[in-house]
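*Asks:* coordinates only, sequence not included:
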């Protein structure tokens with residue numbers, strides 16, 4: 001008969017310590033997947049109901065939310081242990097001891113289910129419901145088309161070989177990119193830059209609050225758009241902004257003033273041309289008047305003196321300012337603080353904005369109407385981007401957290417946590433399966449949207465990564481940094497294709513041309529630079 005001996009006291013203590021470590025680890029793991037409120041009063045109320053202090057010394061809002069997660073996770077573990085014990089002894093559920101003091105709580109109190117029940121939803125307006133129906137119809141068709149094309153290429157060896165050949169040629173071309181042109185873009189540092197969808201223009205925004213449009217080949221200035229007195233934080237072209245197409249050519253610019261201006265570049269071009277023609281006529285009329293006065297025929301008053309006075313008053317305002325004012329289609333206001341990001345929805349009827357007030361908003365572009373005000377982040381928002389199908393939106397904040405939203409239902413699908421500092425930009429891949437985020441922690445993370453986790457981490461630069469952009473095909477990745485460089489990466493295996501050095505200061509923004517064979521960049525050295533193949537000189 002086997003004999004059993006009790007463990008000595010040291011072994012028992014070691015077992016207890018080991019069990020406690022495992023319990024803490026499991027509680028920490030569960031806490032990451034528990035959703036808790038973001039409003040400070042709600043968090044304090046739940047901590048008070050659970051019998052815990054509402055604030056600890058040196059604790060901020062984010063720390064308080066994390067502590068609430070861990071408290072709920074520990075309560076869930078306690079409840080599971082009671083359930084297991086109940087199953088073993090096959091008796092009535094064990095009742096925890098009564099609270100020892102008012103406000104104290106036993107282990108069976110609130111779990112994740114109760115937290116979820118306290119999440120509230122505000123009713124959507126009729127305009128938002130109609131917008132969601134339109135977005136759903138659009139996204140279903142786009143996703144089906146994208147998936148069918150992907151499936152057709154993967155199932156056909158010939159098409160797959162053609163795609164691989166095209167990608168190889170693209171990578172070979174990118175390895176020979178070099179500086180092609182450079183232009184001083186403003187008196188102050190330039191913060192953002194974007195190619196137009198037709199590839200004919202480039203727009204830039206600066207700390208001076210001015211948006212400028214440039215010719216994408218010669219970098220000749222085509223427009224100076226004003227509307228805000230504070231710095232420009234982001235610009236975005238309408239997905240159908242083409243100069244040779246009927247209709248407006250819209251351009252959105254967000255600013256630290258707390259608003260977003262939507263410009264029509266065609267109105268600026270038309271008005272600017274009319275102003276130049278009018279100025280030419282004024283010069284001719286002035287010259288004609290001088291000639292008449294010299295020959296004695298100008299002694300009588302002109303019958304159109306009122307028109308002349310109006311022309312004088314009109315000429316007192318610079319032509320570019322008049323054209324800029326008339327090119328403003330909408331001024332979107334509502335954010336309480338700086339607006340750090342803006343992006344047009346792929347359908348073109350809506351615009352998304354991300355603000356310092358911790359909310360992101362969806363706007364009706366045609367009417368300039370706010371359709372959706374969405375909170376959910378614990379810290380200030382820093383970026384927003386839309387999925388190529390138009391079904392999803394990703395927002396990022398100063399705490400290094402990115403949230404994925406289903407625009408069609410308004411639900412938050414997944415929280416992506418991995419960066420240890422503020423996220424500076426977000427970009428979706430054209431394949432629809434990946435998204436990239438850049439951060440002040442010098443890294444870029446590639447998120448797998450299907451597996452809902454990080455797929456790859458790029459130690460991209462030696463300083464802050466100011467922006468990351470996928471190419472239109474999704475086969476290339478671009479990063480720019482405060483280390484004065486721009487890097488091109490393969491989106492397949494993430495090896496470096498090319499490092500572009502030419503800026504004398506921090507590179508704030510960069511973008512691919514629609515043909516993916518040209519790149520534009522801008523930075524603290526106040527220049528806009530074009531990068532092209534060495535054979536294009």
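*Replies:* Happy to help now that I have it. This one's a predicted model, so the numbers in the text were calculated from it and none came from an experiment.
*Asks:* distance from stretch 237-249 to the middle of the chain?
*Replies:* Stretch 237-249 has its C-alpha centroid displaced from the chain centroid by 22 Å (Cα atoms, centre = their mean, to the nearest Å).
*Asks:* what average pLDDT does it get?
*Replies:* In this model, stretch 237-249 carries a mean pLDDT of 86.
*Asks:* list the buried residues of that stretch.
*Replies:* For stretch 237-249, the neighbour count (16 or more other Cβ atoms under 10 Å) marks 237-238, 240-242, 248-249 as buried. C-beta: built from backbone N, CA, C; applies to glycine.
*Asks:* stretch 421-433: end-to-end distance?
*Replies:* The straight-line separation of the ends of stretch 421-433 (Cα to Cα, to the nearest Å) is 24 Å.
*Asks:* so for it, what gets flagged as buried?
*Replies:* For stretch 421-433, burial by neighbour count (16+ other Cβ under 10 Å) applies to 422-429, 432-433.
*Asks:* picking that back up, tell me which of the buried residues of stretch 237-249 is nearest to residue 351?
*Replies:* residue 238 (8.9 Å; Cβ to Cβ).
*Asks:* in the stretch 301-450 of the chain, which spans are strands?
*Replies:* With strands called from DSSP state E, counting those that start in this stretch, the stretch 301-450 of the chain shows them at 328-333, 339-344, 350-355, 360-364, 369-374, 381-386, 392-397, 401-406, 411-417, 423-428, 434-439, 444-448.
*Asks:* what would the ones you listed look like in a markdown table with mean pLDDT and distance to residue 52?
*Replies:* Formatted as a markdown table, the strands of the stretch 301-450 of the chain follow (pLDDT from 0 to 100; distance: least, Cβ to Cβ, whole Å):
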| stretch | mean pLDDT | distance to residue 52 |
| --- | --- | --- |
| strand 328-333 | 92 | 40 |
| strand 339-344 | 96 | 34 |
| strand 350-355 | 96 | 32 |
| strand 360-364 | 95 | 31 |
| strand 369-374 | 93 | 29 |
| strand 381-386 | 96 | 29 |
| strand 392-397 | 96 | 25 |
| strand 401-406 | 95 | 23 |
| strand 411-417 | 92 | 23 |
| strand 423-428 | 96 | 30 |
| strand 434-439 | 96 | 32 |
| strand 444-448 | 96 | 33 |
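*Asks:* so which of those is nearest residue 135?
*Replies:* Each of the strands of the stretch 301-450 of the chain has some distance to residue 135 by Cβ to Cβ; the shortest is strand 350-355, at 7.5 Å.
*Asks:* which residues does the closest one contact?
*Replies:* For strand 350-355, the surrounding residues in contact (Cβ atoms under 8 Å, 6 or more residues apart in numbering) are 131, 135, 236, 252, 254, 258, 260, 262, 332, 335-345, 360-365, 371, 380-384, 386, 393, 395-396.
*Asks:* which of the residues you listed are buried?
*Replies:* Those of those that meet the buried threshold are 131, 135, 236, 252, 254, 258, 260, 262, 332, 335, 338-345, 360-365, 371, 380-384, 386, 393, 395-396, by 16+ other Cβ under 10 Å.
*Asks:* just give the closest residue to the residue nearest in space to the middle of the chain, not the sequence neighbours.
*Replies:* Nearest to the mean C-alpha position of the chain, by Cα atoms, centre = their mean, lies residue 384 at 2.2 Å. With sequence-adjacent residues excluded and distances taken as Cβ to Cβ, 6 or more residues apart in numbering, residue 384 is closest to residue 354, at 4.0 Å.
*Asks:* again, but for residue 480
*Replies:* Spatial nearest neighbour of residue 480, excluding adjacent residues (Cβ to Cβ, 6+ apart): residue 507 at 4.0 Å.
*Asks:* quick one: neighbours of the one you found, just the number.
*Replies:* Using other Cβ atoms under 10 Å, residue 507 has 30 neighbouring residues.
*Asks:* and it, what does it touch?
*Replies:* Contacts here follow Cβ under 8 Å, 6+ apart; on that basis residue 507 touches 466, 480-482, 484-486, 521-524.
*Asks:* and it, what are its bridge partners?
*Replies:* Each beta-bridge partner of residue 507 is listed here, defined by DSSP bridges: residue 523.
*Asks:* and the pLDDT for it?
*Replies:* At residue 507, the pLDDT recorded in the model is 96.
*Asks:* that one and residue 331, how far apart?
*Replies:* Here the criterion is Cβ to Cβ, to the nearest Å. By it, residue 507 lies 30 Å from residue 331.
*Asks:* please apply the same query to residue 221.
*Replies:* In terms of Cβ to Cβ, residue 221 sits 24 Å off from residue 331.
*Asks:* any stretches of the stretch 101-250 of the chain with poor pLDDT?
*Replies:* Applying pLDDT under 70 to the stretch 101-250 of the chain flags the ranges 101-121.
*Asks:* which parts of it are helices?
*Replies:* For the stretch 101-250 of the chain, applying DSSP state H, counting those that start in this stretch gives helices covering 112-117, 126-155, 157-174.
*Asks:* list the buried residues in the last one.
*Replies:* Along helix 157-174, the positions that meet the burial threshold by neighbour count (16+ other Cβ under 10 Å) are 167, 170-171, 173-174.
*Asks:* ok, the second one next?
*Replies:* The neighbour-count criterion (16+ other Cβ under 10 Å) identifies 128, 131-132, 134-136, 138-139, 142-143, 146, 153 as the buried residues of helix 126-155.
*Asks:* reformat these as TSV; add distance to residue 514.
*Replies:* Putting the buried residues of helix 126-155 into TSV (distance: Cβ to Cβ, whole Å) gives the following:
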residue	distance to residue 514
128	32
131	27
132	29
134	25
135	24
136	27
138	21
139	22
142	18
143	22
146	18
153	21
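*Asks:* hey, what's residue 364 bridged with?
*Replies:* For residue 364, the beta-bridge partners are residue 350, residue 369 (DSSP bridges).
*Asks:* distance of it relative to residue 155?
*Replies:* Taking Cβ to Cβ as the measure, residue 364 falls 40 Å from residue 155.
*Asks:* then residue 228?
*Replies:* Counting by Cβ to Cβ, the separation of residue 228 from residue 155 is 51 Å.
*Asks:* so in terms of bridging, what pairs with the residue nearest to the centre of the chain?
*Replies:* Per DSSP bridges, the residues bridged to residue 384 are residue 395.
*Asks:* if I pick it, what's in contact with it?
*Replies:* In this structure, residue 384 makes contact with 341-343, 352-354, 360, 393-396, 426, judged by Cβ under 8 Å, 6+ apart.
*Asks:* rerun at 10 Å
*Replies:* For residue 384, the residues meeting the contact criterion (Cβ atoms under 10 Å, 6 or more residues apart in numbering) are 234, 236, 254, 339-343, 351-355, 360-362, 393-396, 405, 425-426.
*Asks:* still on that earlier bit, reformat the helices of the stretch 101-250 of the chain as a markdown table; add distance to residue 70.
*Replies:* Compiled in a markdown table, those are given as follows (distance: least, Cβ to Cβ, whole Å):
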| stretch | distance to residue 70 |
| --- | --- |
| helix 112-117 | 12 |
| helix 126-155 | 36 |
| helix 157-174 | 46 |
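*Asks:* of all the ones you listed, which one is nearest residue 495?
*Replies:* Nearest to residue 495 among the helices of the stretch 101-250 of the chain is helix 157-174; the distance by Cβ to Cβ comes to 9.3 Å.
*Asks:* now do that closest one against helix 126-155, angle only.
*Replies:* Direction vectors for helix 157-174 and helix 126-155, defined by axes from the mean of the first three to the mean of the last three Cα atoms, to 10 degrees, enclose an angle of 100 degrees.
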